[in-house]
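[1] Pasting the sequence and the predicted model now:
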Amino acid sequence: MARAVKIAISLTEEEFKEVEKLRKERGINRSKLIAEAVSLLNKKSRTDELLRKYEEGYKKKPEDLQELKGFQKASMDVLNEEDW
């Protein structure tokens, strides 16, 4: 396990009350709650970055009408093979 580092943070009274409420609901201590929050924020940042890159790539090379028609035809061919 990684070595823990202590930090001091300042919160508004409202934020502190929210921390206390959340940690009590989850049955964890403040350190664990803050660590989970940091982990979630980090994951969201990575997800946002991947989404940004995807959108950027799509803008550079969007699907053209022929590609979409090909995808539609392939989908219909597969669906038509199924016994409904």
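    Right, received. Where do you want to start?
[2] name the element the nearest residue to residue 30 once chain neighbours are set aside belongs to?
    The spatial neighbour of residue 30 that comes closest, neighbours along the chain excluded (C-beta to C-beta, 6 or more residues apart in numbering), is residue 23 at 5.8 Å. For every residue, glycine as well, the C-beta is placed using N, CA and C. Per DSSP states H and E: residue 23 is located in helix 13-26.
[3] Show me how far that helix is from its chain's centre.
    23 Å (C-alpha atoms, centre = their mean, to the nearest Å).
[4] Repeat that for stretch 50-59.
    15 Å.
[5] Mind exporting the C-alpha coordinates of that stretch to PDB?
    Output of stretch 50-59 as PDB, limited to C-alpha atoms (Å, rounded to 0.1, in the frame of the first residue of the first chain):
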ATOM      1  CA  LEU A  50     -10.800  10.700 -24.300                       C
ATOM      2  CA  LEU A  51     -14.200  12.100 -25.300                       C
ATOM      3  CA  ARG A  52     -12.600  15.400 -26.400                       C
ATOM      4  CA  LYS A  53     -10.100  13.400 -28.500                       C
ATOM      5  CA  TYR A  54     -12.800  11.300 -30.000                       C
ATOM      6  CA  GLU A  55     -14.900  14.400 -30.900                       C
ATOM      7  CA  GLU A  56     -11.800  16.100 -32.300                       C
ATOM      8  CA  GLY A  57     -11.000  13.100 -34.500                       C
ATOM      9  CA  TYR A  58     -14.600  12.800 -35.700                       C
ATOM     10  CA  LYS A  59     -14.600  16.500 -36.700                       C
END
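[6] quick one on the thing from earlier: which helices and strands does the helix holding residue 23 pack with?
    Counting contacts by 3 or more C-beta pairs under 8 Å, 6 or more residues apart in numbering; DSSP states H and E, helix 13-26 is packed against helix 30-60.
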